[in-house]
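In: Just the structure for this:
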Amino acid sequence: MVCFTTMFFSCASIPEYKDWGLKCNVKSYSEYHYRSEKEEDENIKFYGHNQVVFNKKGIWKGQTYYQNGKELPIRKKGKVSERRYYDADGKLTNTTKINYVSDNQIDFELFNSDGEKTNYLTHILKNGKIITQTNTSIRNGIENLVYTAIYEYDKDENLITQKITYSNGNTHIFKTEYLEFDSKKNWIKKLNFTDDEKGGLVTIREIEYH
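Out: Alright, predicted model coming up:
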């Protein structure tokens, strides 16, 4: 199963915690991922975790991954212009450059550790939420569409469906079911799954507020 980040970097991303689908001023949140059967969501087969941190103004400071390094933002004029990824030894592994085309479009260029461009993504947004994404790979100077994704949300603006259509015509639908919320209406437990899966991926989120 594939899980896609829901950070959109909208052009009006102050405070930026909203770009991560959060409500109310969050200091940090930690996510713990477990592989699980849908009917047995307490099965604790650990699948990794990550932590995202914000300052008091709601600006994203960075993200760390369980045993896999960290991700840090580079800013120009207050906006995130790059996302840099480092492994557990502190070595730069890849970089994403961000171009804010308009209020409704953001382009991302992905580079490997050698500085070679490997992919570019285009996000089309509506009201600050991504509604479509295209991913194109670049190999030996040749561009190939990898997939197109369509995103759907519930009435509370929580992501519920990602329909992924690959270049070979295959389609997968990734769904999210929210199991628990805290008093601020932020989800603290969810299940990601596809129609052709027996189980899914349970995420438990611990949130710290300012």
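In: got the residue ranges for the strands in this protein?
Out: 26-37, 40-54, 60-65, 69-76, 79-86, 92-102, 105-112, 117-126, 129-139, 142-153, 159-166, 171-181, 187-194, 199-209 (DSSP state E).
In: I'd like these written out as TSV, with mean neighbour count and distance to Pro15 added.
Out: All C-beta spots, glycine's among them, are computed from the backbone N, C-alpha and C. As requested, those are arranged in TSV below (neighbours: other C-beta atoms under 10 Å; distance: least, C-beta to C-beta, whole Å):
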stretch	mean neighbour count	distance to Pro15
strand 26-37	18	9
strand 40-54	15	8
strand 60-65	17	9
strand 69-76	15	14
strand 79-86	18	13
strand 92-102	15	17
strand 105-112	16	18
strand 117-126	17	17
strand 129-139	17	16
strand 142-153	15	19
strand 159-166	17	19
strand 171-181	16	20
strand 187-194	18	18
strand 199-209	18	13
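In: The ones you listed: lowest mean pLDDT?
Out: The minimum mean pLDDT among the strands of the chain belongs to strand 40-54 (a mean of 73).
In: Name the nearest residue to Asp182, ignoring sequence neighbours.
Out: Counting by C-beta to C-beta, 6 or more residues apart in numbering, Ile188 is the residue found nearest to Asp182 once chain neighbours are left out, at 5.1 Å.
In: ok, the one you found to Lys155 distance?
Out: Separation of Ile188 from Lys155 (C-beta to C-beta, to the nearest Å): 19 Å.
In: repeat for Tyr32
Out: Using C-beta to C-beta, Tyr32 is found at 27 Å from Lys155.
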